[in-house]
Structures are given as C-alpha cells and as structure tokens.
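> Fold the following for me, if possible:
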Amino acid sequence: MDVEHKDLGRTIAVYGIAPATLQRAVFVVILSFLFFLVMMFTYYIRQSLVYFLLASAFLALYLITLFSWVMLRRSFVTLYENGVSYKGRRAAWDDIKTIDDAGSIHLLKGKPLTLPATLSGRERLLAALRHKAQATRP
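Numbering: from 1, shown residues only. Here you go, the predicted structure:
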C-alpha cells in the first residue's frame, strides 16, 4: 500500500546498487564508446557503409547502456523506523504481509514491492525487513 501520508520516521539505512554491477555497466559504456570511435575512424578512412552501420549500432548500445546506468544509480531502498521505501513507494511495517526469498514484499493492499537482486547487502536488508515486520505484528 502506498502510504505517502504516513510518516515513516527517521532513516535507519539506505541500500544502493552493488558496486560490481555499476562497474560492469561502466565497462560496457566505455567499451561501446571506444568501438564507436574506432568504427567512425574506419568509416572515415574506408568510406564503407558497413562501418557507418557498425558505428551507429555501437552508438545506440552506448546511449542505451548509459541511460540504464543512470537509472540504475537512482535505484535504492530506504529503511525507516516505521517502514520501507523503494522507487517512490512506501510501506509501513503493519502494511507488510510477507517477505519471500526472491525479494518480493507482499503488502496487505496493492501490488508487491519487488527488490532487485543487484542491491548491495540484499540478504541483510531482507533479514532486517523480516525482523521489523514480524516485530510489529500482534
């Protein structure tokens, strides 16, 4: 349930994307840009349409990966005293029904929150979520 009107209290922890995932994305961005530059230089030298098409494909890959990398960096889970927040959706502890091992937080009302597998400290986060959700149940 989206509970934007409820105060979730002070922030306990923020879980972002794992550094290894971000490093892989940066590697692909740099590599695709380098291939784009090489293909453009080869197109300049040989004047063949094949090299221009290859350069265009590497440019498209570069732009898509760069956009997804920027969006990935903005993806984080915030743990509060009275609930959890992910991508603008908030859930208080008493709104959480169950939390499964796949990272889905099933709520009493509304769609479940699905946490990505690329979170840094995901197992600690799930354990903390289970502990807090069970502690607030009667």
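
> Might you report the residue contacts of residue 118?
Counting by Cβ atoms under 8 Å, 6 or more residues apart in numbering, residue 118 makes contact with 17, 18, 21, 72. Where C-beta positions appear, they are placed from N, C-alpha and C, glycine not excepted.

> What about these, which are in helices?
21, 72 (DSSP state H).

> Just give me the neighbour total for residue 87.
12 (other Cβ atoms under 10 Å).

> Starting from residue 69, give me the distance back to the closest residue to it other than its chain neighbours.
Leaving aside its sequence neighbours, residue 87 sits nearest to residue 75 (Cβ to Cβ, 6 or more residues apart in numbering; 6.7 Å). Separation of residue 75 from residue 69 (Cβ to Cβ, to the nearest Å): 11 Å.

> From residue 61, how far out is the residue sitting furthest away from the middle of the chain?
Within the chain, residue 46 marks the point farthest from the mean C-alpha position, 41.5 Å out by Cα atoms, centre = their mean. Separation of residue 46 from residue 61 (Cβ to Cβ) stands at 21 Å.

> ok, residue 58 - contacts?
Contacts of residue 58 were listed using Cβ under 8 Å, 6+ apart, and they are 32, 33, 35, 36, 39.

> change it to 10 Å
Taking Cβ atoms under 10 Å, 6 or more residues apart in numbering, we find residue 58 in contact with 31, 32, 33, 34, 35, 36, 37, 38, 39, 40.

> again with residue 70
Residue 70 is in contact with residue 25, counting by Cβ under 10 Å, 6+ apart.

> Name the residues of whichever helix or strand it is part of that are buried.
Per DSSP states H and E: residue 70 is located in helix 49-73. Neighbour-count burial for helix 49-73 flags 51, 52, 54, 55, 58, 59, 61, 62, 65, 66, 69, 72 (criterion: 16 or more other Cβ atoms under 10 Å).
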